[in-house]
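[1] pasting a predicted model and its sequence here:
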Amino acid sequence: MNASERRSQILKILNSASSPISASALASRFNVSRQIIVGDIALLRASGSEINATPRGYTLFNEDKLFTRRIAVCHDAESLKEELYIFVDHGCHVVNVIVDHPIYGQLTGELMLSSRYDVDRFAERCRESEALPLSCLTEGIHLHTVTFTDEDMYRRVVEELDRKGFLLKTN
């Protein structure tokens, strides 16, 4: 199998996968090094494939299968995990966080969180690096791009965010 065929097969595998697939697992499947797979992923992204890297592996972003919304929220840094747990506990995928910075304009940080494990690892990396979340730049106000499987899931998440006081009010 040549490199082009391998990349085509990688896309097929990611498209049919129900969970992230690690570079190591792909490397084993194709009997190549992990670094070859990382390079393949970079080339696939450069050619327009929307491949996301998560702490557990790669996923193919397929917008046709998902319902995507941006949700405005506000909370302090101490409530970060609680807020993100609401999303992932309802089966959502938190794609990113967006803040509107007064100097730089819109700043976006990729999150790719789908489970409590992902949220815990993200929070742990923040703690270990002593990095503050982007929302600290905007007094806690931020947006999340979130994918849902249906409108009911979206409604339930918004209701719980509102109940917990995280949903940003428009008044």
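    Arrived safely.

[2] mind checking how far the spatially most central residue of the chain is from residue 92?
    The centroid of the chain falls nearest to residue 112 when counting by Cα atoms, centre = their mean (1.4 Å). Using Cβ to Cβ, to the nearest Å, residue 112 is found at 12 Å from residue 92. Heads up, the C-betas are built off the backbone N, CA and C, glycines and all.

[3] three-state assignment of the residue nearest to the centre of the chain?
    Of the three states, residue 112 takes strand under DSSP: H, G, I helix; E, B strand; the rest coil.

[4] so who does the closest residue to it other than its chain neighbours touch?
    Counting by Cβ to Cβ, 6 or more residues apart in numbering, residue 54 is the residue found nearest to residue 112 once chain neighbours are left out, at 4.4 Å. Residues near residue 54 by Cβ atoms under 8 Å, 6 or more residues apart in numbering: 20, 112-114, 118.

[5] pLDDT score for residue 54?
    If you check residue 54, the pLDDT there is 70.

[6] now the strands for this structure?
    Taking DSSP state E as the test, the strands found in the chain are 51-54, 57-60, 67-74, 93-101, 105-113, 141-148.

[7] all helices for the protein, in order.
    3-16, 23-30, 34-46, 80-89, 116-129, 151-163 (DSSP state H).

[8] next, the buried residues of the first one.
    Taking 16 or more other Cβ atoms under 10 Å as the neighbour-count basis, helix 3-16 is seen to contain the buried residues 6-7, 10, 13-14.
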